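Student: Predicted model, plus sequence, below.
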Amino acid sequence: MNDFQSYICSAVEAKSNTCMTDLLHWLIAFTNPFQTWEDEPTFLFIQFSVIFGAILNYVHAWNRGGRFLHFWWATIVVSLVTEWMCYLLPSINNFWHSQGIVSLFGRRFPLYIVLVYNQFWYTAWVTALRANLKWWAEPFAVGLLVVILDLPYDIMGIKMLWWTWHDTDVNIYDRHYHVPWTSYYFHSAFVAALIIVFFGSRKILMPAKSKFEVGNCFTECLCTVLAGSLAMPVGVSAFFLIFYHPMHDWFDIHSEVPVIMWLSLCLLISWISDRTPTTRDRSDCSKEKLQSLPVFNVAQHFLLFFLLMFVAKPEEVKATGLHQPIGPCNATEDTFSVTGVTLKREKYLCTENYNEPMSFHCLPEGKPPPSVSSWYTICGLPFENAMEYKLIIWFCCAMGLTIYMQLLLFSGNEVKLPVSSPMTKVESGTKKQKKKRPAKVHRD
């Protein structure tokens, strides 16, 4: 069972340990990593890579101090809020993750997904800071950089069944290598909203503080929670509602068009801000830059996907877990868009007619699970053109690595934090001098 209400224990039921045991199992569950290695080896690699990257980001944030640590935590808050809202709201409950080594909330939420937001968003933000862009361009530059990190992850992830999408949901029906175009829009728009709220709320609450100067603990924590909690609604209302949904819902324009227009707009804003760089925005590569944690993190991210394409065999993948429920092919349900438009989709996965990159050939006799099943095994399909997939993944990795290295190694240095910041680790080069006593005046 995945309904939270069914696990709430009343005082009458509290005398039995069954309810509390079920609640604990609903909150957190574990999957044998050796079983994952046998069924989905690439999924095991990506979990370790993301967790490792988030740890590197935390070490970087801790070493830098200032508001870097608060932004690290803001990405954790936004991941919890966004994923949880997707599970609660039927209209956007349209994806199912594969079973992670550790999964939360009725096995819907792999623990590593909490850190995916951090791995992509924090890394992109730290990298964008090197360009020293104007404040109004920074959120959009970060949005572009997040998409660059996300491209190989999204394209390989759906093919290797790290997750599955709803087969007929209108908002994710338009695809690019089986990846919904809106997935790229989601990352770029929501991280832009996070940055706007993160710095904007602090500017309102503590106007006297500079951008990276830390204020009192309570206000900083409040801004962190506000940013993580409001990134989704601000992103939807400011970017999806104004830009994407009117074109898609009212004029039936293919999702590819507003997404490319949005990313082009982000690129244009970033380019305009970078047209007149100062000398501090451009510097030579140094040993200190080369050995920095963001450089190592970005390198391990792209190198993983480059290497995985040599060994990835999607036709051998078996993903057992929660997926779109199987049921009658003619059953439909209404979903609601933020523009007020009612959209229809098939309620169940029709095993006789679907477009997802999966099959049931690895099951006994190749037969699909019975009707109204939501926990079942799906089987991967071979690459339609293996060389094409390798080319697109390798190209994304090569271009992504080049862009990130240019910013991290040949742009400006890391942001210098204010000395007055209590969390900034800055060595003071001057010692406090003792006051000299006034010379005694001798009177004759």
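Tutor: Received it, and whenever you're ready, just let me know what you need.
Student: For the rest of this, base every contact and every neighbour count on C-alpha atoms.
Tutor: OK.
Student: hmm, which helix or strand of the protein has the shakiest average pLDDT?
Tutor: In the chain, the helix or strand scored least confidently by mean pLDDT, DSSP states H and E is helix 287-290, which has a mean of 70.
Student: after that one comes which helix or strand?
Tutor: helix 293-311 (DSSP states H and E).
Student: Can you give me the buried ones in that next one?
Tutor: 293-295, 297-302, 304-306, 308-309 (16 or more other CA atoms under 10 Å).
Student: Kindly report the same for stretch 62-76.
Tutor: 62, 64-76.
Student: just stretch 219-233 next, same as before
Tutor: So stretch 219-233, judged by 16+ other CA under 10 Å, has buried residues E220, C223, T224, V225, L226, A227, G228, S229, L230, A231, M232.
Student: Adding distance to K211, pLDDT and secondary structure, write those out as a markdown table.
Tutor: Listed next are those as a markdown table, based on distance: CA to CA, whole Å; pLDDT from 0 to 100; DSSP: H, G, I helix; E, B strand; the rest coil:
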| residue | distance to K211 | pLDDT | secondary structure |
| --- | --- | --- | --- |
| E220 | 12 | 92 | helix |
| C223 | 13 | 93 | helix |
| T224 | 14 | 94 | helix |
| V225 | 17 | 95 | helix |
| L226 | 17 | 95 | helix |
| A227 | 15 | 95 | helix |
| G228 | 18 | 94 | helix |
| S229 | 20 | 95 | helix |
| L230 | 20 | 95 | helix |
| A231 | 19 | 94 | helix |
| M232 | 23 | 93 | helix |
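Student: Can you tell me which of the residues you listed is closest to L89?
Tutor: L89 lies nearest to M232 out of the buried residues of stretch 219-233, by CA to CA, at 13.0 Å.
Student: which of the buried residues of stretch 62-76 sit farthest apart?
Tutor: Checking the buried residues of stretch 62-76 with CA to CA, the most distant pair is R64 and I76, at 18.2 Å.
Student: coming back round to it: could the buried residues of helix 293-311 be laid out in a markdown table, adding pLDDT?
Tutor: A markdown table is the format used below for the buried residues of helix 293-311 (pLDDT from 0 to 100):
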| residue | pLDDT |
| --- | --- |
| L293 | 89 |
| P294 | 89 |
| V295 | 91 |
| N297 | 94 |
| V298 | 95 |
| A299 | 95 |
| Q300 | 95 |
| H301 | 96 |
| F302 | 96 |
| L304 | 96 |
| F305 | 96 |
| F306 | 95 |
| L308 | 94 |
| M309 | 93 |
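Student: With adjacent residues omitted, what lies nearest to L263?
Tutor: Of all residues not flanking L263 in the chain, L144 sits nearest, at 6.8 Å (CA to CA, 6 or more residues apart in numbering).
Student: Tell me which helix or strand the one you found sits in.
Tutor: Per DSSP H and E: helix 138-159 holds L144.
Student: And for C379?
Tutor: According to DSSP H and E, C379 maps onto strand 375-380.
Student: angle of that strand against helix 138-159?
Tutor: Using axes from the mean of the first three to the mean of the last three CA atoms, to 10 degrees, the direction of strand 375-380 lies 90 degrees away from that of helix 138-159.
Student: buried stuff in strand 375-380?
Tutor: Applying 16+ other CA under 10 Å to strand 375-380 flags Y376, T377, I378, C379, G380 as buried.
Student: Enumerate every residue touching the third one.
Tutor: Read it as I378. K318, A319, T320, M358, S359, F360, C362 (CA atoms under 8 Å, 6 or more residues apart in numbering).
Student: ok, now the fourth one?
Tutor: With contacts taken as CA under 8 Å, 6+ apart, C379 has the following neighbours: E315, E316, V317, K318, A319, M358, S359, F360, H361, C362.
Student: Return the members of those classed as buried.
Tutor: Counted by 16+ other CA under 10 Å, the contacts of C379 give E315, E316, V317, K318, A319, M358, S359, F360, H361, C362 as buried.
Student: Show me what the helix or strand that comes right after the strand holding C379 is packed up against.
Tutor: If you walk from strand 375-380 toward the C-terminus, the next helix or strand you reach (DSSP H and E) is helix 386-410. For helix 386-410, the elements it packs on are helix 123-129, helix 138-159, helix 287-290, helix 293-311, judged by 3 or more CA pairs under 8 Å, 6 or more residues apart in numbering; DSSP states H and E.
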